[in-house]
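> got a structure for you, letters missing:
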C-alpha cells in the first residue's frame, strides 16, 4: 500500500496514535460543481524528493501556531480521492493514478481524502524540522511580493519580513528587462516602505535613481514621502532634476507637507513643476504658504499664475 504524510499539531500526537487521524469539513471543487464533505484529510504521497514531500510544512506553520508533527499512514491503492493544485479544480480517481500524476509535477499539489484515517492505517507520528517547504506561494519560496495591510502591527518577525519584501522587489526591479513588468515590483516596493518606518540605509533606494525606466524612479519619490524627507534632501535634489515629469510630480506631491515651500521652489525650477507646486499648496499649512502663493501668482508664466490664484481663492473660500 502506498504511504502518505499529513501534518498535524504536536499536541494531537497522543490522540492520533490512540484513535486515528480525524478530518475536518471542506468543500471540494470538481469540474463545474462543488462537493461538500463533513470530513476530509489533506495529505501528500511519500516521494523520493524530501523537499517536495514536506513542501506544505512551512506554509502551515505560518498560520497555525505551535510545532507540527508528521503523521505517516498507508491506504489501499484503489481508494477514491481528490487531487490537484491547491487552488484549482480537483480530479477524482484512485490513489494510484493520483500518485503518478503528482509525481510528475508535485509543486503546490495536494491529495484530499474524503474520510478519516483509521488507527490501523497509521504507521507512525514523528517529529519534524520546522523550516522545510515554501511560504505564501510555491513560486516565491521565501517572501511574498507585496507587503500591504496583511502585515499587522506586532506580527512576529514583521521587520524581517518587510526587509525581505524590500530586498525581493529591489532585485526584481534590477533584473527585469521588460518595462511593462516593472509596474508591480515598483508598487510593491512602495507598499513595503509604507507599512513601517524603514530601518535600513537608503543606498539601494538611491541606486534606483539611475534606472532607465521612470517607474522605479517614481517609486523612489513615493518612498521619500514615507521617511524623514529633510534628512534626505539629496534624494529630493536628484528627483528635482529627473527628466520625466511624472517622477517630479510624484516627488512634489509626496513632499509638499514635509519640505518648506520656498525650498521646493528652489529645487523644482521648471514651469510645469512650479505650477504643480502651486496646485499642491492649496491644502498646505506651512507658515510661508500664503507668501509663496502670492509670489507664484505674480509669475509671468500664465499656467503658474492661474494655478496659484486658484489655490489662493480656494483657501480664502475655506476660511469664509
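It's in. On a predicted model such as this, the values are computed, not experimentally measured, just so you know.
> now residue 134: which helix or strand?
Per DSSP states H and E, residue 134 falls between elements, in no helix or strand.
> what's the burial count for residue 281?
Using other Cβ atoms under 10 Å, the number of residues around residue 281 comes to 26. (C-beta placed from N, C-alpha, C; glycine too.)
> can you name the residues that contact it?
256, 261, 289, 292, 293, 308, 311 (Cβ atoms under 8 Å, 6 or more residues apart in numbering).
> and it, that's in a helix?
Yes: assigned with DSSP: H, G, I helix; E, B strand; the rest coil, residue 281 falls within a helix.
> in strands, which of the contacts of residue 281 appear?
Among the contacts of residue 281, DSSP state E puts none in strands.
> please enumerate the helices of the stretch 151-300 of the chain.
Secondary structure of the stretch 151-300 of the chain (DSSP state H, counting those that start in this stretch): helices located at 158-175, 183-195, 203-207, 214-224, 233-240, 245-255, 261-267, 271-280, 289-297.
> which pLDDT value does the model give residue 211?
Looking at residue 211, its pLDDT reads 85.
> burial count for it?
That count, for residue 211 with other Cβ under 10 Å as the rule, works out to 17.
> my read is that it contacts residue 176, right?
No: under the criterion of Cβ atoms under 8 Å, residue 211 is not in contact with residue 176, lying 10.1 Å apart.
> could you measure from residue 68 over to residue 58?
10 Å (Cβ to Cβ, to the nearest Å).
> which neighbours do the two have in common?
residue 130.
> which secondary structure elements does the lengthiest strand in the chain sit against?
Looking across the chain with DSSP E, the single longest strand is strand 33-45. Contacts defined by 3 or more Cβ pairs under 8 Å, 6 or more residues apart in numbering; DSSP states H and E place strand 33-45 against strand 3-9, strand 24-30, helix 50-53, helix 95-104, strand 109-113.
> again, only using 6 Å
strand 3-9, strand 24-30, strand 109-113 (3 or more Cβ pairs under 6 Å, 6 or more residues apart in numbering; DSSP states H and E).
> return the set of buried residues in it.
37, 40, 41, 42, 43, 44, 45 (16 or more other Cβ atoms under 10 Å).
> cool, and stretch 254-270?
Quick answer for stretch 254-270 (16+ other Cβ under 10 Å): 254, 255, 256, 259, 261, 264, 265, 267, 268.
> how about those, which pair is most distant?
254 and 265 (16.5 Å; Cβ to Cβ).
> nearest to residue 89, of the helices and strands packed on strand 33-45?
Residue 89 lies closest to strand 24-30 among those, at 4.8 Å (Cβ to Cβ).
> got the angle for that closest one vs strand 109-113?
Relative orientation of strand 24-30 versus strand 109-113 (axes from the mean of the first three to the mean of the last three Cα atoms, to 10 degrees): 120 degrees.
> could you give the angle of strand 24-30 to strand 33-45?
For strand 24-30 against strand 33-45, the angle by the same axes, to 10 degrees is 110 degrees.
> can you tell me what sits against strand 24-30?
For strand 24-30, contacts defined as Cβ atoms under 6 Å, 6 or more residues apart in numbering pick out 34, 35, 36, 37, 38, 40, 82, 89, 90, 92, 112.
> quick one on the thing from earlier: among the contacts of residue 281, who's most crowded?
Highest neighbour count within the contacts of residue 281, by other Cβ under 10 Å: residue 308, with 26 neighbours.
> for it, give me its contacts.
Residue 308 touches 278, 293, 296, 297, counting by Cβ under 6 Å, 6+ apart.
> between the two ends of stretch 220-228, what distance do you get?
13 Å (Cα to Cα, to the nearest Å).
> please identify the buried residues of that stretch?
220, 221, 222, 223, 224, 225, 226, 227.
> if you average pLDDT over that stretch, what comes out?
Here the average pLDDT along stretch 220-228 is 77.
> repeat for stretch 282-290
Stretch 282-290 comes out at a mean pLDDT of 83.
> good, wrapping up.
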